[in-house]
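Give me a model of this one.
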Amino acid sequence: MSTSAHLSRSFGALSRADLATLVPELLLCGQLIDRSGMAHLIVEFGRDGMAQVAIEEWQASSPWYTMRMQKALRYEGDDVVTIFKGLQLDIGAPPQFMDFRYRVDDPTHGEFWLDHCGALMDVEPLGDEYVTAMCHDIEDPTFDATALATNPHAQVRPIHRPPRRPADRQPHCAWTVIIDDAHVPPTMQPHTEQIGRTAAYTVELSAIDTTGDGNHDYSGPLLSDLRFQDFSRSALVRIAEEVCLQQHLLALGFLIAVRKRVDEDKAREITRKQLTGIAGVTAQRIRDALGLPHDLEALATVLSLHPLLNPKQYVDNEIRFDGQCLQLRIGRRGLVDVDGGWPTLIDGDHLEALQALVRGVDPYFTVRVVGDDDSGLIVEVVATDEPAPECVEVAITKVSTGAAFVFEDRGIPLPLYVI
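Numbers count the residues shown, from 1 in each chain. Below you'll find the predicted structure:
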């Protein structure tokens, strides 16, 4: 591996315009992690078991990554506006696909509703029992867990929600958010406390340079939509890093929840399937969003931006490309290795996630092991004579309408003031 070909670039190498395109893609792919993982949980644990794992993974991760984003973009507070800003930057609520609309009555009262819920579109064809599992069983504890990051006395309660009656009811759901000192705070669960002790929660990411053009934070009024091109380039780099970290935190929560139910080998097998499905879909969406070709140079770029390998402050890896040969080293001395996160599931005997990733850029690509020891895994990407068929895990993830979702330009967002 020639050091002259070492590619250390990540989000910092992108233009402001490309970063503004990429951030909503990363948010959407974070939401699709569940589409990748839940089918495998249903096979192992049934619908009820799947719902319980979903509750635990979001309870475990969302309070911590919500607080991280508040601090990064300087909108820390304890009111409804702070909660709503957090939802706009949450992988659980990617823009447009989960089309949250907001109303603020005063600092302690507000409402939100979903004009379009992509997750509902995915689950409705499965029937009312699955809809109830998602919109009732999972949402009740996880919305409160997310609000917990802002104010322990916040409660999120439904005005109406699916199953939809009538079947075409709009909006898809509506909720109140009320902050009242009389509300008993939810108990922090052991799995939430465990995620709070991870390196992922405390890792320091890129500082935001406040000298460039654009918004350096989200300290101003709540906006009807976030238009990411209004942020500065430096702020977008930090947002992209934080969103990738959200994905790692969610995956750690998933692994904790699955480990409660099966032995270690089975837990890693299930989580590898989750990672394989989302790795392939994410690679394809990054390639398409940035208008990249299907060649090795494009794959090098996708690897440098892929959440599996980001943020660089958390994941130890090197990408080397000399114009002809592309190699990837996944090291074993990063903070993610302390946490036992996604990259620790990949080794010379378990390349499925990497295969899905490279084939998300071009189905003719495949990875071959160059070296695998305690210091790291080194693989080389080569082109084959025949395209590989799409793997089952990626195909399952693509059942979601989010896999083919297209973002639209909604123009200048409006500030939402107290009515």
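
surely residue 159 meets residue 176?
Yes - taking contacts as C-beta atoms under 8 Å, residue 159 lies within contact range of residue 176: 6.1 Å. Just so you know, the C-beta spots here come from the backbone N, C-alpha and C atoms, and that holds for glycine as well.

Of those two, which one has the most company?
Between residue 159 and residue 176, counted using other C-beta atoms under 10 Å, residue 176 has the larger neighbour count: 16 against 12.

residues touching that one, list them.
109, 110, 111, 156, 157, 158, 159 (C-beta atoms under 8 Å, 6 or more residues apart in numbering).

if we can go back for a sec, give the residues shared as contacts by residue 159 and residue 176.
residue 111.

Which parts of the stretch 51-200 of the chain are helices?
80-87, 118-123, 128-132, 139-148, 190-195, 199-202 (DSSP state H, counting those that start in this stretch).

most packed of these?
Comparing the helices of the stretch 51-200 of the chain by mean neighbour count (mean count of other C-beta atoms under 10 Å), helix 80-87 ranks first with a mean of 24.

Okay, angle between that helix and helix 139-148 too, please.
Per axes from the mean of the first three to the mean of the last three C-alpha atoms, to 10 degrees, the angle that helix 80-87 makes with helix 139-148 is 110 degrees.

what helices or strands is helix 80-87 leaning on?
helix 16-72, strand 98-106, strand 109-117, helix 139-148, strand 173-179 (3 or more C-beta pairs under 8 Å, 6 or more residues apart in numbering; DSSP states H and E).

Report the inter-axis angle for the last one versus strand 98-106.
Read it as strand 173-179. 40 degrees.

List the buried residues in strand 173-179.
By 16 or more other C-beta atoms under 10 Å, the buried positions in strand 173-179 come out as 173, 175, 176, 177, 178, 179.

out of those residues, what pair is the most spread apart?
173 and 179 (20.3 Å; C-beta to C-beta).

Could you count how many residues lie near residue 406?
8.

Run through the strands of the stretch 301-419 of the chain in chain order.
317-321, 326-331, 365-373, 376-383 (DSSP state E, counting those that start in this stretch).

what's the angle between the longest one and strand 376-383?
Calculated by the same axes, to 10 degrees, strand 365-373 forms an angle of 160 degrees with strand 376-383.

now strand 365-373, how far from the centre of its chain.
27 Å (C-alpha atoms, centre = their mean, to the nearest Å).

While we're on residue 7, how confident is the model there?
Looking at residue 7, its pLDDT stands at 54.

same check, this time on residue 144
At residue 144, pLDDT is 87.

And it, how far from residue 155?
6 Å (C-beta to C-beta, to the nearest Å).

Check residue 219 too.
26 Å.

These two - which one has more neighbours?
Neighbours were counted for residue 219 and for residue 155 using other C-beta under 10 Å; residue 155 has more, 18 against 12.

ok and the one helix or strand residue 270 maps to relative to helix 16-72, angle-wise?
Using DSSP states H and E, residue 270 maps to helix 264-289. Angle of helix 264-289 versus helix 16-72, following the same axes, to 10 degrees, is 140 degrees.

all numbers from here: first residue = 33
Shifting the count to begin at 33 puts that one at helix 296-321.

Quick check: buried residues in helix 296-321?
For helix 296-321, by 16+ other C-beta under 10 Å, it's 299-319, 321.

do the same with stretch 359-377
Going by 16+ other C-beta under 10 Å, stretch 359-377 has these buried residues: 359-363, 366-369, 371, 373-377.

So which of these is the closest to residue 436?
residue 374 (24.0 Å).

Now do the contacts for the closest one.
280, 283, 307, 340, 368, 385.

Export those residues to JSON lines and append columns for distance to residue 449 and pLDDT.
JSON lines is the format used below for the contacts of residue 374 (distance: C-beta to C-beta, whole Å; pLDDT from 0 to 100):
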{"residue": "280", "distance to residue 449": "36", "pLDDT": "98"}
{"residue": "283", "distance to residue 449": "38", "pLDDT": "98"}
{"residue": "307", "distance to residue 449": "42", "pLDDT": "98"}
{"residue": "340", "distance to residue 449": "40", "pLDDT": "98"}
{"residue": "368", "distance to residue 449": "41", "pLDDT": "98"}
{"residue": "385", "distance to residue 449": "45", "pLDDT": "98"}
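
Now, these that are in helices?
280, 283, 307, 368, 385 (DSSP state H).

Next, count neighbours for the last one.
Residues contacting residue 385 under the criterion other C-beta under 10 Å number 25.
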